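**Q** Using only what follows, build the 3D model:
(chains A, B and C)
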Amino acid sequence: MEFMLHSVATPFNLDYTLDCGQVLRWGKRGGWWYGVVDGNVMKIRQSGGKLIYHTYPERLDGMFIEHYFRLDDDLPRILSKINRDEKMAQVIHRFHGLRIVRQKPWECLISYICATYKNIPAIKDILLALSRKFGRGIKFDGNRFYAFPTPHVLAKAGTNELNVCKLGYRSPYVFETARRFACAELDLDSLRNIGYEEAKARLLAQTCGHKLLPGVGEKVADCVLLFSLDHLDAFPVDVWVKRAVLEFYPQYLDPMLLEKASRRKSITSHEYAVINSFGRRYFGEYAGYAQQYLFYYMRERSRER
DNA sequence: GCATCACCTAGAGG
DNA sequence: ACCTCTAGGTGAT
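**A** Predicted coordinates for the structure are as follows:
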């Protein structure tokens, strides 16, 4: 199957989009990207203004491709909005065509709960282990792929079985969250068409004195809002984005905070609030796009050194 | 409020 | 082989 990149879908760069760290279940082999999306294996590559793809077992159409890769976003307009200074111009130019992907809320939520305090290779290992153990197997192209496990299966699993997948202290978080999902206490899709603040407050809500979703703090909430619930103004702050803001935008921060923050590698909740609100104010309605370009830029730069 | 600290584990780098 | 540092933070104190 083929998808022609029409004018709205341009620019698009498949490699940047799948390699930038927002999705963790894709891998490139022999010129093709392989991933499991929504229970289907997808094999895809880009050839100039064209996407060539196969999906199995369902034959997913162009509408699906367009929706998943956010090819309906007016990227030139978005990039012009976040292009606020020379540094951003450079970052945007470097990764021109990177798009935010529309992930499934459930998979996105579990992925980022698992991602806390882990490096990306380790996160990919965890998600693969969870899928192998609890997900449905799908044979394709002579390989075996695994769908992401359903809430119901993880809710039945229990923390001991989850721990086999190297979740460590995250096991009870994943287990509890799966239970909330399985008994339909949660409807993340209802957070799509309300404002960012309201949606975030509901994700972080407390019930009976404890968290609705254990393991979900500000960072995880912002990732879920940005990557799966269409809140492009969310601005997740992790150690890389913190470094980026401290290095490129020190003049916008209180000198005291700057001084303290640069001495500490992790992020305090106060620092999170300050950097998050700077990002949202400075970059505006598409701050989430700015965040992803900055994140990828910082990681690539560190890898090159 | 608010700052500090423990936490499971494993990849990356020396 | 072995050790240290760090990792897309969160929850408890």
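**Q** what sits against the nearest residue to residue A:68 once chain neighbours are set aside?
**A** Excluding its sequence neighbours, the residue lying closest to residue A:68 (Cβ to Cβ, 6 or more residues apart in numbering) is residue A:102, at 5.6 Å. Every residue, glycine included, has its C-beta placed from N, CA and C. Contacts for residue A:102 (Cβ atoms under 8 Å, 6 or more residues apart in numbering) come out as A:67, A:68, A:69, A:70, A:227, A:228, A:230.
**Q** again, 7 Å this time
**A** By Cβ atoms under 7 Å, 6 or more residues apart in numbering, the contact set of residue A:102 is A:67, A:68, A:70, A:228.
**Q** Please flag which of those residues sit within helices.
**A** In this view, those that belong to helices under DSSP state H are A:67, A:68, A:228.
**Q** list the contacts for the last one?
**A** In this case it means residue A:228. Counted by Cβ under 7 Å, 6+ apart, residue A:228 has contacts A:102, A:103, A:104, A:105, A:108.
**Q** residues in contact with the helix or strand bottoming out on mean pLDDT in chain A?
**A** Across the helices and strands of chain A, the lowest-confidence element by mean pLDDT, DSSP states H and E is strand A:206-207, at a mean of 78. Contact with strand A:206-207 is made by residue A:212, as judged by Cβ under 7 Å, 6+ apart.
**Q** Report the strands that pair with the helix or strand following that strand, each with its relative direction.
**A** Proceeding N to C from strand A:206-207, the next assigned helix or strand is strand A:210-211, under DSSP states H and E. Paired strands of strand A:210-211, with direction, are strand A:206-207 (antiparallel) (DSSP bridges).
**Q** Next one: residue A:138 from residue A:56, what distance?
**A** With distances taken as Cβ to Cβ, to the nearest Å, residue A:138 is found 7 Å from residue A:56.
**Q** what touches both of the two?
**A** Between them, residue A:138 and residue A:56 share these contacting residues under Cβ under 7 Å, 6+ apart: residue A:41.
**Q** how about the residue of the stretch 151-300 of chain A found nearest DNA strand C, phi and psi?
**A** Residue nearest to DNA strand C within the stretch 151-300 of chain A (Cβ to the nearest atom of the strand): residue A:217, separated by 2.7 Å. The phi and psi values for residue A:217, taken as degrees, to the nearest 10, are phi -110, psi -160.
**Q** Verify the contact between residue A:222 and residue A:236 for me.
**A** Yes - under the criterion of Cβ atoms under 7 Å, residue A:222 makes contact with residue A:236 at 3.9 Å.
**Q** Check what pLDDT the residue of the stretch 151-300 of chain A closest to DNA strand C gets.
**A** Listed pLDDT for residue A:217 reads 95.
**Q** For the closest residue to DNA strand B within the stretch 51-200 of chain A, grab phi and psi.
**A** The nearest approach of the stretch 51-200 of chain A to DNA strand B comes at residue A:168, 2.2 Å away (Cβ to the nearest atom of the strand). Main-chain dihedrals, residue A:168, degrees, to the nearest 10: phi 60, psi -140.
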